[in-house]
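K.L.:
From the sequence below, what's the structure:
(chains A and B)
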There are 2 protein chains.
Amino acid sequence: MPYSPKSSAKPKENANPLGIFDSGVGGLTVAKKIFELLPNENVIYFGDTGRYPYGPRSKGIVKKFSSQNVNFLLSYKVKFIVVACNTASSFALAGLRKNYDIPLVGVIEPGAAAAIKATRNGKIGVIGTVGTIYSKAYQKAIHRRNRQMKVYSIPCPLFVSLAEEGYINKDATQLIANEYLNPLVKKQVDTLVLGCTHYPLLKKVISRTMGEKVKLIDSAEETAKEVKRLLKIYGLLRNAKGQAFRRFYVSDVPNKFIEVGEKFLKGKIRDVKRIDIDKH
Amino acid sequence: MPYSPKSSAKPKENANPLGIFDSGVGGLTVAKKIFELLPNENVIYFGDTGRYPYGPRSKGIVKKFSSQNVNFLLSYKVKFIVVACNTASSFALAGLRKNYDIPLVGVIEPGAAAAIKATRNGKIGVIGTVGTIYSKAYQKAIHRRNRQMKVYSIPCPLFVSLAEEGYINKDATQLIANEYLNPLVKKQVDTLVLGCTHYPLLKKVISRTMGEKVKLIDSAEETAKEVKRLLKIYGLLRNAKGQAFRRFYVSDVPNKFIEVGEKFLKGKIRDVKRIDIDKH
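P.N.:
Next comes the predicted model:
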C-alpha cells in the first residue's frame, strides 16, 4: 500500500464518498456487498458501459480505460477506490497504485486470500475472462501467499454474455459449463474462484457442474470485507449520521444498465447519470 | 445518394483505396466478398476492436464511434466507404451521409433489396443485434421498397459471442438457435435476413433450425455487388494493373483480430497495424 494518510498531500475527508468502478454492471455484485457491509458510506459507482466488456481487451487498453475511470471518480473527491472488475484489477491495479495518491483495492487479492483459507487439498481452480486468466493475476497472488498451492485456471468467455442475457437456468448454459469446467472437475479442485464479477449470477449451474462439495469463492464478499478493514485502518469510515447516498454513472445511455444491473444488485437503481468518459 | 463526383470539392482518384469499417472482425465477411468481386481494388479495413461490440450500445455512441472511424479512413484518402456493420449502418449511415462528402454504402439496403427479391410468400424474417432490431432499419428499408411485405424481427444477441468463440457446431448453439428462431419458424417466413455480419458463421445451425427451404440472405454478398455497381457508376474503379493492397487497422492489439478474423475471412491476414482511434 503506497498510500498512507500521513504522506497524502490532500488528506481525505472521511465523509467523502467511496469510488467503485467496473467495465459495466458486473461490479454491482461488489457494490451490493459493500452496501450491505458499509451501509453508512456514500458511494459513487461508475460503469463503463460505453466501452464494456474489458475481458477480451489487451492490457494497454484496459490500463488506459482504468486511468480515465479513476480520473472521473477523483473529480467527485472520492476517498478510496475499489476496482470492482477482475480484468482491470489484473491488468491495471499495480500501475494505478504507482500513479495515484489514493488507496485502491482490487478484487484479486481478497479472492486469492479467501481461496487459500478455504481449500483443504491445496488444489484451487480459477475461472475468469481471457484477460484475467492470461494475466495469471490470481495464480501469482495465490503463490505470493503460499507456494504449495496448485492453481488450475480456465477462461470462460461465454459466461459473461450468458449472465448479461439472463441465460441463468438454461440447458445451453449447462452444456457450456460442462465443457468449460470438466477439466477442473478432473483435477479435483476443492475450491473454485469466480474470477469475474459476472459469474456469481451463474453460481447455481457452476456449483451443479463442479459438485456441491467444491467451495465457490465470490470475490465480491471478500473485497467488501477488505474495504471495511482498510477504511478502519486509515480512519476513513464515515461517521456522519445522515442517510448515505449511492450514485451511479455510466458511459452510455442508462436503460440497459438499469435493466441488467438490477438483477446483479438484486435491488432498485435510481440515481443514474450518463457521462462522457473520453473527457477524463 | 447525396454524393456526385461533380459536386465533390476534392475529386476522388480511382486509384485511391476503398475504405471499410466495422466494430471488429464481423465486417471481414463483407471484405471477403469485396476482395472476391473487386480483386483489383486497394482496400483499407478498420476494425474497432478496442470498443467492440456495437450491437448492445446506444445510437448516440454508435454515431460518435462511426464518425471517428470515417475520419480515420479519410486520413488514408479513401475514395468510397463501406459501413460493414449492421448496427452502424442502422444508427449512423444517414448522419454520415449528411456530414461527409464521400459516397457511403451500408449493409442494410442491399440486404433488404435481396430479401424482397428472394421471398415468395412475402414473409421476411430479420435477425440481428439489439441495436439493429430496435432501430427497425431493415423493416423500414423493406417497406420503403414494398409496403406489402410482412417483416418479423428478432434480436439474437448471444449469436455474436458464439460466433466469436468458435461455438459453431455445438449443441449449446443449437439450443440457443431453437429458442431465438422458433417464433420465426412459426410465422412461416420463407426468407431470413442475417442482419449481423457475425451470423454467416452460424449459417449451418440457422439453416437447420429454420428449415432448408428458408432462403438465408447474407448482406455481405449483396453489399459487395452494390459497391461494384456504384464504383462503376461513379467512374471510381481502379484501372491500374499493379497488385492491389489490402491493409488492416485495429484499435486494440491485433492478435485476437488475426486469430478470429482469419475464420471470418477464410484466409490469411497479414498487414495489420494498431492505431489510436480516440485521436480521430
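K.L.:
Please report how far A:Asp276 lies from B:Ser135.
P.N.:
Distance from A:Asp276 to B:Ser135, counting by Cβ to Cβ, to the nearest Å: 22 Å. For every residue, glycine as well, the C-beta is placed using N, CA and C.
K.L.:
Who has more neighbours out of the two?
P.N.:
Using other Cβ atoms under 10 Å in any protein chain shown, the more surrounded residue of A:Asp276 and B:Ser135 is B:Ser135, with 21 against 10.
K.L.:
any idea how far the more buried one is from chain A?
P.N.:
B:Ser135 sits 14 Å away from chain A, going by Cβ to the nearest Cβ, to the nearest Å.
K.L.:
and that residue, what does it touch?
P.N.:
Neighbouring residues of B:Ser135 by Cβ atoms under 8 Å, 6 or more residues apart in numbering or on different chains: B:Lys59, B:Ser90, B:Phe91.
K.L.:
I'd like to know which of those residues are part of strands.
P.N.:
Using DSSP state E, no member of the contacts of B:Ser135 falls within strands.
K.L.:
Chain B contacts on the stretch 1-150 of chain A?
P.N.:
Within the stretch 1-150 of chain A, the positions near chain B by Cβ under 8 Å from any Cβ of the partner chain are A:Gly50, A:Arg51, A:Pro56, A:Arg57, A:Ser58, A:Gly60, A:Ile61.
K.L.:
correct me, but the last one touches B:Gly50?
P.N.:
Yes: using Cβ atoms under 8 Å as the test, A:Ile61 is close enough to B:Gly50 to be in contact (5.2 Å).
K.L.:
so what sits against both of these two?
P.N.:
Listed as contacting both A:Ile61 and B:Gly50 by Cβ under 8 Å, 6+ apart are B:Ser251, B:Asp252.
K.L.:
separation between A:Arg147 and chain B?
P.N.:
With distances taken as Cβ to the nearest Cβ, A:Arg147 is found 31 Å from chain B.
K.L.:
swap that for A:Leu181, please
P.N.:
Going from A:Leu181 to chain B by Cβ to the nearest Cβ gives 13 Å.
K.L.:
And for A:Lys33?
P.N.:
According to Cβ to the nearest Cβ, A:Lys33 and chain B sit 26 Å apart.
K.L.:
Secondary structure class of A:Ile20, three-state.
P.N.:
Following DSSP: H, G, I helix; E, B strand; the rest coil, A:Ile20 is assigned to strand.
K.L.:
leaving aside the residues next to it on the chain, what's closest to whichever residue of the stretch 1-150 of chain A sits closest to chain B?
P.N.:
Proximity of the stretch 1-150 of chain A to chain B (Cβ to the nearest Cβ) peaks at A:Ser58, 4.1 Å away. Excluding its sequence neighbours, the residue lying closest to A:Ser58 (Cβ to Cβ, 6 or more residues apart in numbering or on different chains) is B:Val253, at 4.1 Å.
K.L.:
What residues does the one you found make contact with?
P.N.:
For B:Val253, the contact set (Cβ under 8 Å, 6+ apart) comprises A:Ser58, A:Gly60, A:Ile61, B:Arg274.
K.L.:
What is the nearest of those residues to A:Ser75?
P.N.:
A:Ile61 (21.8 Å; Cβ to Cβ).
K.L.:
Per-residue pLDDT of the closest one, please?
P.N.:
Note on A:Ile61: pLDDT of 96.
K.L.:
Run a quick neighbour tally on it.
P.N.:
Using other Cβ under 10 Å, A:Ile61 is surrounded by 20 other residues.
K.L.:
where does the stretch 101-250 of chain A dip in pLDDT?
P.N.:
Counting by pLDDT under 70, the stretch 101-250 of chain A contains no low-confidence residues.
K.L.:
hmm, back to that, return the item of the residues of the stretch 1-150 of chain A next to chain B having minimum pLDDT.
P.N.:
A:Pro56 (92).
K.L.:
Neighbours of the residue of the stretch 1-150 of chain A closest to chain B, how many?
P.N.:
There are 20 residues near A:Ser58, going by other Cβ under 10 Å.
K.L.:
can you put the contacts of B:Val253 in a markdown table and add distance to A:Ile124?
P.N.:
A markdown table is the format used below for those (distance: Cβ to Cβ, whole Å):
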| residue | distance to A:Ile124 |
| --- | --- |
| A:Ser58 | 26 |
| A:Gly60 | 29 |
| A:Ile61 | 29 |
| B:Arg274 | 35 |
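K.L.:
Contacts only, for A:Thr15.
P.N.:
No, residue A:15 isn't Thr; it's Ala. Residues near A:Ala15 by Cβ under 8 Å, 6+ apart: A:Asn42, A:Arg238, A:Asn239, A:Ala240.
K.L.:
quick one, helices of the stretch 1-150 of chain A?
P.N.:
For the stretch 1-150 of chain A, the helices defined by DSSP state H, counting those that start in this stretch cover A:28-37, A:59-74, A:86-99, A:108-118, A:130-135, A:137-145.
K.L.:
returning to what we had before: considering the contacts of B:Ser135, which possesses the most neighbours?
P.N.:
Neighbour-wise, those (other Cβ under 10 Å) top out at B:Ser90, 29 neighbours.
K.L.:
Nearest residue to the middle of chain A?
P.N.:
Closest to where the C-alpha atoms of chain A average out (Cα atoms, centre = their mean) is A:Ala84, at 2.9 Å.
K.L.:
Contact partners for the residue nearest to it when sequence neighbours are not counted?
P.N.:
Among residues not flanking A:Ala84 along the chain, A:Gly27 sits closest, at 3.1 Å (Cβ to Cβ, 6+ apart). Contacts for A:Gly27 (Cβ under 8 Å, 6+ apart) come out as A:Ile20, A:Phe21, A:Tyr45, A:Gly47, A:Val82, A:Ala84, A:Cys85, A:Thr197.
K.L.:
Confidence-wise, which of those comes last?
P.N.:
The minimum pLDDT among those falls on A:Thr197, with 93.
K.L.:
Contacts only, for it.
P.N.:
Applying Cβ under 8 Å, 6+ apart to A:Thr197 gives the contacts A:Asp22, A:Gly26, A:Gly27, A:Leu28, A:Thr29, A:Val30, A:Ala84, A:Cys85, A:Asn86, A:Val107, A:Ser219, A:Ala220.
K.L.:
What ranges does the stretch 101-250 of chain A have for its strands?
P.N.:
Along the stretch 101-250 of chain A, counting by DSSP state E, counting those that start in this stretch, strands occupy A:104-105, A:123-128, A:150-155, A:191-195, A:215-218, A:246-250.
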